[in-house]
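J.: I'll drop the sequence and a predicted model, then ask my questions.
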Amino acid sequence: MDMKKVVAFKVLLVLALVVTSTSCKKSSSSKNSSRATGWNINDRDGGFQYNTDFKEQETSPGLVFIEGGTFTKGRVQDDVMHDWNNSPNQQHVQSFYMDETEVTNAMYMEYLDWIKRVYPPSDENFRAIYHGALPDTLVWRNRLGFNEVMTENYLRHPGYGEYPVVGVSWIQAVEFAGWRSDRVNEFNLEKAGYIKRGAKITDVDSEQTFSTDTYINAPTLTYGGNEEIVNPEGRGRRNVQVDEDGNESGLYATRETGIISPKYRLPTETEWEYAALGLSELRSYNLYRGRKKYPWDGQYTRSGKRKIRGDQLANFKQGKGDYGGIAGWSDDGADITNEVKSYDPNDFGLYDMAGNVAEWVADVYRPIIDDEFNDFNYYRGNVYTKNALNEDGTVKVVTSDEIVYDTLSNGKVVARNLPGEILQVPIDENETYLRTNFDKSNVINFRDGDRRSSRNFESFNDDDESVDGEKTSSTRQMYNSPKHSISRDSLGNIVREYDKGSNRTSLINDEVRVYKGGSWKDREYWLDPAQRRYFPQDMATDYIGFRCAMSRVGSKSKGKGKKKN
């Protein structure tokens with residue numbers, strides 16, 4: 001054999017061995033080996049425990065994935081109502097999840113059934129909890145209309161089971177979302193073996209309930225501290241690791257396990273509008289720049305498909321005295337609300353993002369959107385709180401005799417917290433000192449155009465100024481809404497005091513929330529996802545419902561994890 005060929009062969013052999021060795025070395029490196037310290041992660045002898053097998057967030061019940069991105073929030077067409085409260089601005093939304101339909105009567109009835117079993121209204125201590133969660137069925141009444149069939153049947157009759165729930169205030173919608181979060185995480189932990197199977201039905205009562213926050217911060221206090229439920233022997237203790245000294249770890253799930261999902265909540269206004277537009281497939285210039293008028297493609301509300309040509313694509317009021325067309329050709333299929341999924345979904349897979357019912361979103365209403373300060377996950381309504389602590393440093397868990405009730409402006413009583421939950425208190429200087437991103441607990445009024453914000457249009461005064469001992473009318477505050485008060489006398493009777501002042505100039509305050517989308521009661525104009533209106537957070541109507549959302553953790557795109565080299 002030629003000597004040169006022999007040398008070349010040996011060189012190639014050496015290179016092959018080096019490459020093989022390098023590959024083996026790379027492939028043999030364990031994902032359970034820390035790149036920071038070289039220590040073993042999830043070692044049976046103890047140490048740092050972490051879910052290194054986590055791929056991506058599992059979609060929770062009822063939700064669909066909404067991949068985030070940039071879009072033009074607000075209108076670019078003429079505003080015939082002259083509200084001028086939705087000027088176009090560019091925003092970016094993080095990926096999130098949203099209910100594919102509005103919350104239905106059947107879903108809300110499941111919530112009411114749970115409350116009734118755990119906090120029976122026959123008990124004087126709990127009566128206000130159940131009554132505070134009940135939708136207001138009287139919203140259907142009209143002084144010149146006969147709607148008693150809806151007043152008596154709409155919420156509970158199975159004929160309306162898959163119709164969107166109405167008569168629910170913003171406050172009640174938020175409470176439902178919190179309850180749903182706890183029930184889903186309770187079920188997830190049961191499936192994973194961290195909670196006794198069936199305890200959510202057989203063992204739960206007013207003193208033994210599950211709260212996600214309590215389980216994360218003080219798992220031994222969950223279910224009233226019943227160790228048999230939160231550390232059951234019957235699950236084979238498959239999550240428990242025992243070291244050489246007999247010490248146990250992994251008794252309770254933590255955030256590091258990936259089992260506990262983020263909370264259900266109301267979507268922000270920006271999330272809702274982005275999701276309603278359904279900008280997932282077609283990225284044309286007009287869509288990207290905010291020219292899309294409806295959740296579906298095109299500029300019309302009627303279908304152009306041959307089979308259903310002329311049928312309406314949503315449930316809305318089509319004209320004076322026309323809520324659903326003529327008999328025999330009901331072109332939107334409904335006179336009041338309609339069963340969910342009665343119309344085609346948008347490109348994100350969301351149903352009824354126009355029509356059927358308008359929907360609560362999380363934001364406090366202000367006419368302006370301050371995109372100069374923030375254009376990422378825009379939201380107005382932050383009130384930061386923290387866990388209350390006992391004197392020994394443990395978290396303060398509410399008991400059945402420590403429930404705090406609020407009396408709303410309409411006289412309705414609601415529970416501010418429930419047994420088993422961690423008491424929340426406003427943040428203080430310990431959290432705000434020398435911070436640059438926030439400086440107080442309640443930041444609803446930040447840069448909203450009033451006297452206290454950094455954007456001052458003129459020098460507003462809260463009270464009338466005094467000149468030579470006499471009161472003189474000063475420049476009025478921008479958001480100068482009526483201030484009604486409600487209290488109870490010594491006998492427990494409600495005392496209402498109406499603000500009869502003549503100097504009120506607005507209905508906007510910190511207790512009005514945005515609602516989006518048109519309803520069965522609205523004309524076509526309100527179907528545009530950019531339209532925005534507001535309503536008191538403690539009141540309800542027969543045309544406003546809601547759906548829940550959930551934040552996404554991890555990658556922006558579903559099914560796409562770490563990039564491979």
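T.: Perfect, I can see it now.
J.: Excluding covalently adjacent residues, which one is nearest to Arg552?
T.: In space, and not counting its chain neighbours, Arg552 is closest to Ser95: 4.4 Å by C-beta to C-beta, 6 or more residues apart in numbering. Glycine gets a C-beta too; all of them are placed from N, C-alpha and C.
J.: what's the one you found sitting at in phi/psi?
T.: For Ser95, the backbone dihedrals (degrees, to the nearest 10) come out as phi -60, psi 150.
J.: pLDDT score assigned to it?
T.: In this prediction, Ser95 carries a pLDDT score of 96.
J.: Please report the distance of it from Thr59.
T.: Separation of Ser95 from Thr59 (C-beta to C-beta, to the nearest Å) stands at 12 Å.
J.: my guess is the residue nearest to Arg552 meets Phe65, correct?
T.: Yes. Using C-beta atoms under 8 Å, Ser95 makes contact with Phe65 at a distance of 7.3 Å.
J.: hey, what's in contact with both of the two?
T.: 552, 558 (C-beta atoms under 8 Å, 6 or more residues apart in numbering).
J.: doesn't Gly159 fall inside a helix?
T.: Yes. Assignment of Gly159 by DSSP: H, G, I helix; E, B strand; the rest coil places it within a helix.
J.: Please tell me I have it right and it contacts Asn153.
T.: Yes. Judged on C-beta under 8 Å, Gly159 makes contact with Asn153 at a distance of 7.3 Å.
J.: Give me the more crowded residue out of the two.
T.: Using other C-beta atoms under 10 Å, the more surrounded residue of Gly159 and Asn153 is Asn153, with 14 against 11.
J.: hang on, isn't that one packed against Tyr160?
T.: Yes. Look at Asn153 against Tyr160 with C-beta under 8 Å: they come within range, at 6.6 Å.
J.: Setting aside sequence neighbours, what's the nearest residue to Ala133?
T.: Per C-beta to C-beta, 6+ apart, closest to Ala133 is Ile115, 5.5 Å.
J.: secondary structure class for that neighbour?
T.: Quick answer, by three-state DSSP: Ile115 is helix.
J.: That one reaches Tyr130, doesn't it?
T.: Yes. Contact criterion C-beta under 8 Å: Ile115 and Tyr130 qualify, at 5.3 Å.
J.: which of these two has more neighbours?
T.: Neighbour tally, Ile115 and Tyr130, criterion other C-beta under 10 Å: the higher count belongs to Ile115, 21 against 18.
J.: What are the neighbouring residues in contact with that one?
T.: Counting by C-beta under 8 Å, 6+ apart, Ile115 has contacts 129-130, 133, 179.
J.: which of these sit farthest apart?
T.: Tyr130 and Trp179 (12.5 Å; C-beta to C-beta).
J.: Count the residues that sit near Gly225.
T.: 14.
J.: and Thr212, what does it touch?
T.: Thr212 neighbours (C-beta under 8 Å, 6+ apart): 181-182, 185-186, 260, 263.
J.: about what we covered before: is it possible to get the contacts of Ile115 out as TSV so that each row also shows distance to Lys73 and secondary structure?
T.: Shown next, in TSV, are the contacts of Ile115 (distance: C-beta to C-beta, whole Å; DSSP: H, G, I helix; E, B strand; the rest coil):
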residue	distance to Lys73	secondary structure
Ile129	38	helix
Tyr130	39	helix
Ala133	33	helix
Trp179	30	helix
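J.: Which one (most neighbours) among these?
T.: Highest count within those by other C-beta under 10 Å belongs to Ile129, 24 neighbours.
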